[in-house]
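Trainee: Okay, structure incoming, though there's no sequence with it:
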C-alpha cells in the first residue's frame, strides 16, 4: 500500500499522535480530579468554620439575653431573627436606666434643697 506520493503520514504516526492525545487527556483528567479533591476539602473546612461561627454567634446572643434579662431564641427563632428583639429590649432597658438616673439626679437636688431649707430654719 503506497501513500499517494508520500502525502499521507505513515499509520504509525497517526497511532503515536492518538496515543499522545490520550495521555494528555488522562493527565488533564488526573489534574482535574486532584483539583476537585482540593476544592472538596476546602469546602468541608469552610462549612465547619461556618458552623463554628454560627455556634459562637448563638452563644454570644444567649449570653447577651441572659445579661439583659430577655428570652433567648427558641428553636422556632433563629439568632438572626432574635437579634432585633434582643437589641430592642436592650435599648428599652438603656432608656429606662437613663430615666432612672435623671430621676435620681432630681431627687438628689431636691434633697440638697431641703437640707438647705432645714439648715436655714435651724440657723
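Mentor: Alright, I've got the coordinates. Just so you know, these numbers come straight off a predicted model, no measurement behind them.
Trainee: number of nearby residues for the closest residue to residue 73 other than its chain neighbours?
Mentor: With Cβ to Cβ, 6 or more residues apart in numbering as the criterion, residue 73 has its nearest non-adjacent residue at 3.8 Å, and that residue is residue 82. (Each C-beta comes from the backbone N, C-alpha and C, glycine too.) Neighbourhood size, residue 82 [other Cβ atoms under 10 Å]: 20.
Trainee: Where does residue 82 sit: helix, strand or coil?
Mentor: Under DSSP: H, G, I helix; E, B strand; the rest coil, the three-state class of residue 82 is helix.
Trainee: so for the biggest helix by length in the chain, what's the average pLDDT?
Mentor: Ranked by residue count and defined by DSSP state H, the top helix of the chain is helix 11-68. Helix 11-68 shows a mean pLDDT of 89 in the predicted model.
Trainee: picking up where we left off before, and the gap between the residue nearest to residue 73 and residue 75?
Mentor: Residue 82 sits 11 Å away from residue 75, taking Cβ to Cβ, to the nearest Å as the criterion.
Trainee: Could you do residue 58 as well?
Mentor: Taking Cβ to Cβ as the criterion, residue 58 is separated from residue 75 by 12 Å.
Trainee: So these two - more neighbours on which side?
Mentor: Counted by other Cβ under 10 Å, residue 58 and residue 75 do not tie: residue 58 has more neighbours, with 15 against 5.
Trainee: What number of residues are in the vicinity of the nearest residue to the more buried one once chain neighbours are set aside?
Mentor: For residue 58, ignoring the flanking residues on the chain, the nearest one in space by Cβ to Cβ, 6+ apart is residue 79 at 5.0 Å. Residues near residue 79, counting by other Cβ under 10 Å, number 17.
Trainee: Wait, residue 79 touches residue 59, no?
Mentor: No. Using Cβ atoms under 8 Å, residue 79 makes no contact with residue 59, being 9.5 Å away.
Trainee: Which strands or helices does the strand or helix carrying residue 113 pack on?
Mentor: Taking DSSP states H and E as the definition, residue 113 sits inside helix 79-122. Judged by 3 or more Cβ pairs under 8 Å, 6 or more residues apart in numbering; DSSP states H and E, helix 79-122 is in contact with helix 11-68.
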